[in-house]
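>>> please find the sequence and the predicted model below.
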Amino acid sequence: MIEQHISLFSVSGLFVFLVSSSIIIVLRKLWLSRLHRIWVFFNFSVAFWGLFAFLFGKENNPSHALVLIRISFIGIIFIPVFLYHTIFILCDLKKTGFLKATYYQAFIWLLLSWSPLFIKDVKFVYSSFYYSDPYFFFHVFIIIWLLIVFISHFELFHTYLKSDYKRKNQILYLFLGVAVGFSGGITNFFPVYNINIYPFGNFLIAFYCIIVSHAIMQYRLSDIRVFITRAGLFISIYALILGIPFAIAFGWQKELVQLIGDNWWIGPLIISTVLATMGPFIYLFIQKKAEDRLFQEQLRYQATLRQASLGMGRIKDLKRLVTLIVHIVTRTVRLEHSMIYLNDSQNKRFYLGASRSRKVRFKPKSIIEYDSPVVNNLSVYKNPIVYDEIKQRTQDYGDLHLAHLEAEMKKIDAALVVPSFVDENLIAIVVLGKKISGQMYSDDDLAVFSILANQAALAIENAQFYEDMKQTHEQLFKAEKMATIGTMADGLSHQINNRLHALGFIAGDILDTIKMKKNMHMPSELREMLIEIEHGLSRIQDNVSQGGEVVQGLLKYSRRGEEGFSEVDFDHLIDASIEMTQFKIKSGSIRILREYDTKLPKIKGNFTQLQEVFFNLIDNAYDAMMQRKEELHEEGYLPTIKIMAQNTQPDFINITVEDNGIGIKGEDRQKLFTPFFTTKLSSKKGTGLGLYVIRKLIEDNHGGQVKYESQFLRGTKVHIRLPVAYT
């Protein structure tokens, strides 16, 4: 029986037990994936060994110590097994044969570890009991133990060679943990083989568990170089700070006693206090210098982006602004590609505002809908989304929403998505591809991109406001011109009617003269010429009459009321409308099908205004069909307009004008009846007033109804309802 106190070895076992147990508690609360569960078992093995190391380290009975040592081997036996299983899952290995073999051999060693052929006795060294006189099976166990550890890290290294930057960074953390943990843990075997080195390294086993747990649990690991730099500087500086006072106290104690007397310890204490106070400042200063050298490139582009964010507000042109943003980001950060999607609240989606890519054939997604998982996540959490993190969380949680988010980010080829908010409004979405260097997006990167995105949101909002104001001014200017024309309508109609009346009078006078001369004897050639002139003058009189009706229609449109309303024959109305299009539509270039009963009830309406309506509809349909013909070059395509009408309701006639033209894009459908808005190829082809006037004429003047139904690349249907005239 040996009298002893708690040794440093026993303390190290307790330290390992407490740290590993804490990690188990944290991981057990998460309990997300197979990887986390197996790593819990690894830490349980380490904690089990640590607990019994603490117990046999303070035991004073040799026989009791031997039993506790043999129990502690349960943890030692399973440490390499669970280590290999962790790496098996992390590296996504497929062959399970060696994994099963590690478990089989572990259970064999559980039995053999209680045999005298494994450990026979214990010895007392360094104020603790250690196992001694290891036999044959113990040496075999150590070889197999080390072999499993070696194979584990060989697989890890093989995975490292074919991994991306993020996974490589994670694996380097594991290698760092191994270097720390096993270099410390192997010191336990020194006393067994009579190597006179105290096993201080036991404390490092706990740090191994911490480092690897951090690498497994943390989704956004800092660069391994930063971790090593910070840890190395911290250890070096504080070892120096603590070491200098101790060196002075023990090395120069006699000199201090002679100089100060019995209070010699005050000198080292003052030095220790001064150094401890200066320590954090020294550490931060050296750390900043070291990291500045490590990340010169990253700091450079972050400074450039900050500077660019300050100047964006001066750009008023929206297209130029978003194009400049993606250009600066892609070039400065050296990305594969970047895109900006702008909010289209009217159609409840985000459309591609600008994109830039280093790939020749890069086709970004043009639309992100409001119900997209990306938009939902940004709206709820308002934080950047990192693809690698979402991918890892999907694997850990097995969450369906995260899986959809990962799939959506993959579709838009996003390594990072950054929201641009103004207050609570998501103005834009900035989508960034991978860095060409393969490096991860750091926390500093996310902070800088968030600042850039928020500045961009303000600049985009200002540019949109500027464009809206510009468009509003243009519309007001056009509206003012239309209002001026409206106020001039009376005077203009009077002047035009006078001239039309004069033309009609002149034509009628000449016709009377020709009719009198026709009865006279004259050569046949002259008679035929007079007949042609008579026919031409008759057409002039007809057009003068129609022109007068158009002028009267203009007046009636500006003065709504019952004046000018009569019974209108629908078939005759279509005849007149088609005739008005003859100046533009070439004969035979389109097909017009009439699918209605010619004996439909008469319509109560203004013939001239309705003629203007159907002329506009046929004209619009013609332009849409010609656009499809020019753009798509479809073999056998025949431009066709169908005009259908039914009297399904006693008081109304339902009319449909259908074409097989280019159709209307989704984002334009809600703007169709907006004044000055046009979908035609060029603004010179349309004023943007046609549909607006049609709605006014049908709904305000005639008490009817107009509805549009259109599909892009398929065609358009216009549904009109007009009241029946009662006789």
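Done, it's in. Keep in mind the model is a prediction, meaning the values are calculated, not measured.

>>> from residue 537, how far out is the nearest residue to residue 660 once chain neighbours are set aside?
Excluding the flanking residues, the one nearest residue 660 by Cβ to Cβ, 6 or more residues apart in numbering is residue 715, at 4.3 Å. Backbone N, C-alpha and C define where each C-beta goes, glycine included. Using Cβ to Cβ, to the nearest Å, we find residue 715 at a distance of 43 Å from residue 537.

>>> which of those two has more residues huddled nearby?
Neighbour count, other Cβ atoms under 10 Å: between residue 715 and residue 537, residue 715 has more, with 22 against 17.

>>> helix or strand right after the host helix or strand of residue 160?
Assigned by DSSP states H and E, residue 160 falls within helix 136-161. Downstream of helix 136-161, the first helix or strand assigned by DSSP H and E is helix 165-185.

>>> list the buried ones in that next one?
Applying a neighbour-count criterion of 16 or more other Cβ atoms under 10 Å, one finds 166-178, 180-182, 184-185 buried in helix 165-185.

>>> the following helix or strand past that helix to helix 165-185, inter-axis angle?
Using DSSP H and E, the helix or strand that follows helix 165-185 in sequence is helix 202-217. Angle of helix 202-217 versus helix 165-185, following axes from the mean of the first three to the mean of the last three Cα atoms, to 10 degrees, is 160 degrees.

>>> phi, psi for the residue of the chain most remote from its centre please.
Farthest-out residue of the chain from its mean C-alpha position, per Cα atoms, centre = their mean: residue 521, at 89.9 Å. Torsion angles at residue 521 (phi, psi; degrees, to the nearest 10) stand at phi -80, psi 130.

>>> how close does it sit to residue 531?
Residue 521 is 15 Å from residue 531, by Cβ to Cβ.

>>> likewise for residue 105?
Residue 105 is 118 Å from residue 531, by Cβ to Cβ.

>>> the more surrounded of the two?
It is residue 105, of residue 105 and residue 531, that has more neighbours when counted by other Cβ under 10 Å, with 17 against 12.

>>> buried ones in the helix or strand hosting the more buried one, by neighbour count?
Here residue 105, judged by DSSP H and E, is contained in helix 97-112. Neighbour counts over helix 97-112 (16+ other Cβ under 10 Å) mark 102, 105-106, 109 as buried.

>>> need the three-state assignment for residue 534.
Under DSSP: H, G, I helix; E, B strand; the rest coil, residue 534 falls in the helix class.

>>> okay, the buried residues of helix 97-112 in CSV with distance to residue 211 next?
Below are these laid out as CSV (distance: Cβ to Cβ, whole Å):
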residue, distance to residue 211
102, 23
105, 27
106, 24
109, 27
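
>>> residue 267 should be in a strand, yeah?
No - counting by three-state DSSP, residue 267 is not part of a strand but helix.

>>> where does the stretch 401-550 of the chain dip in pLDDT?
Counting by pLDDT under 70, the stretch 401-550 of the chain contains low-confidence ranges at 468, 471-494, 518-519, 549-550.

>>> now the helix holding residue 105 - C-alpha only, CSV.
Extracted in CSV, the C-alpha atoms of helix 97-112 (Å, rounded to 0.1, in the frame of the first residue of the first chain):
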residue,chain,number,x,y,z
GLY,A,97,-15.3,-4.8,-45.0
PHE,A,98,-12.5,-3.1,-43.1
LEU,A,99,-15.0,-1.1,-40.9
LYS,A,100,-16.5,-4.4,-39.8
ALA,A,101,-13.1,-5.9,-39.1
THR,A,102,-12.2,-3.0,-36.8
TYR,A,103,-15.3,-3.7,-34.7
TYR,A,104,-14.6,-7.5,-34.6
GLN,A,105,-11.0,-7.0,-33.4
ALA,A,106,-12.2,-4.5,-30.8
PHE,A,107,-14.4,-7.1,-29.2
ILE,A,108,-11.6,-9.7,-29.2
TRP,A,109,-9.3,-7.2,-27.4
LEU,A,110,-12.0,-6.6,-24.8
LEU,A,111,-11.6,-10.2,-23.7
LEU,A,112,-7.8,-10.4,-24.1
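
>>> which strands and helices lie in contact with it?
helix 62-90, helix 136-161 (3 or more Cβ pairs under 8 Å, 6 or more residues apart in numbering; DSSP states H and E).

>>> how about the helices of the stretch 501-650 of the chain, start to end?
Assigned by DSSP state H, counting those that start in this stretch, the helices in the stretch 501-650 of the chain fall at 524-558, 570-580, 607-632.

>>> pull out the buried positions in the last one.
Translated: helix 607-632. For helix 607-632, a neighbour-count test (16+ other Cβ under 10 Å) marks 607-629 as buried.

>>> could you do the second one as well?
Taking 16+ other Cβ under 10 Å as the basis for neighbour counts, the residues of helix 570-580 that come out buried are 570, 573-574, 576-578, 580.

>>> for stretch 106-121, the averaged confidence score.
Per-residue pLDDT over stretch 106-121 has a mean of 85.

>>> quick one: end-to-end distance for it.
22 Å (Cα to Cα, to the nearest Å).

>>> residues in contact with that stretch: which ones?
The contact list for stretch 106-121 (Cβ atoms under 8 Å, 6 or more residues apart in numbering) reads 62, 66, 69-70, 73-74, 77-78, 81, 131-138, 141.

>>> next, name the residue at the spatial heart of this structure.
With distances taken as Cα atoms, centre = their mean, residue 417 lies nearest the centre of the chain, 4.4 Å away.

>>> these two touch, right, it and residue 429?
Yes - the pair residue 417 and residue 429 qualifies as a contact (Cβ atoms under 8 Å) at a distance of 6.3 Å.

>>> what's the overlap in contacts for the two?
With Cβ under 8 Å, 6+ apart, residue 417 and residue 429 have common neighbours 374, 378.

>>> thinking again about what came up before, just the buried residues of the contacts of stretch 106-121.
Judged by 16+ other Cβ under 10 Å, buried ones among the contacts of stretch 106-121: 66, 69-70, 73-74, 77-78, 81, 131-132, 134, 137-138, 141.

>>> and for residue 282, the neighbour number?
If you count neighbours by other Cβ under 10 Å, residue 282 ends up with 15.

>>> can we start the residue count at 69 from this point?
Got it, the first residue is 69 from now on, which makes the last one we talked about residue 350.

>>> so what's it closest to, chain neighbours aside?
Once flanking residues are discounted, residue 350 sits nearest to residue 305: 5.9 Å by Cβ to Cβ, 6+ apart.

>>> follow-up on the earlier one: looking at the buried ones among the contacts of stretch 174-189, which two lie furthest apart in space?
Across the buried ones among the contacts of stretch 174-189, the longest distance by Cβ to Cβ is 26.0 Å; it joins 149 and 200.

>>> so what's the residue nearest to the centre of the chain up against?
Here residue 485 is in contact with 442, 446, 452-453, 477, 497-500 (Cβ under 8 Å, 6+ apart).

>>> let me know the closest of the residues you listed to residue 611.
residue 497 (57.8 Å).

>>> for the helix or strand that the closest one is a member of, buried residues please.
Per DSSP H and E, residue 497 falls inside strand 493-500. For strand 493-500, the neighbour count (16+ other Cβ under 10 Å) marks 494-500 as buried.

>>> how about the contacts made by the residue lying closest to residue 702 once chain neighbours are set aside?
Spatial nearest neighbour of residue 702, excluding adjacent residues (Cβ to Cβ, 6+ apart): residue 696 at 7.6 Å. Residues in contact with residue 696 (Cβ under 8 Å, 6+ apart) are 702, 705, 707, 728-731, 781.

>>> just to be sure, which of these are found in strands?
With DSSP state E as the criterion, strands contain none of the contacts of residue 696.

>>> pick the one among those residues closest to residue 124.
Among the contacts of residue 696, residue 781 lies closest to residue 124 (Cβ to Cβ), at 81.0 Å.

>>> what distance do you get for that closest one to residue 263?
Residue 781 sits at a distance of 82 Å from residue 263 (criterion: Cβ to Cβ).

>>> would you turn the helices of the stretch 569-718 of the chain into JSON lines with distance to residue 787?
JSON lines is the format used below for those (distance: least, Cβ to Cβ, whole Å):
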{"stretch": "helix 592-626", "distance to residue 787": "22"}
{"stretch": "helix 638-648", "distance to residue 787": "15"}
{"stretch": "helix 675-700", "distance to residue 787": "11"}
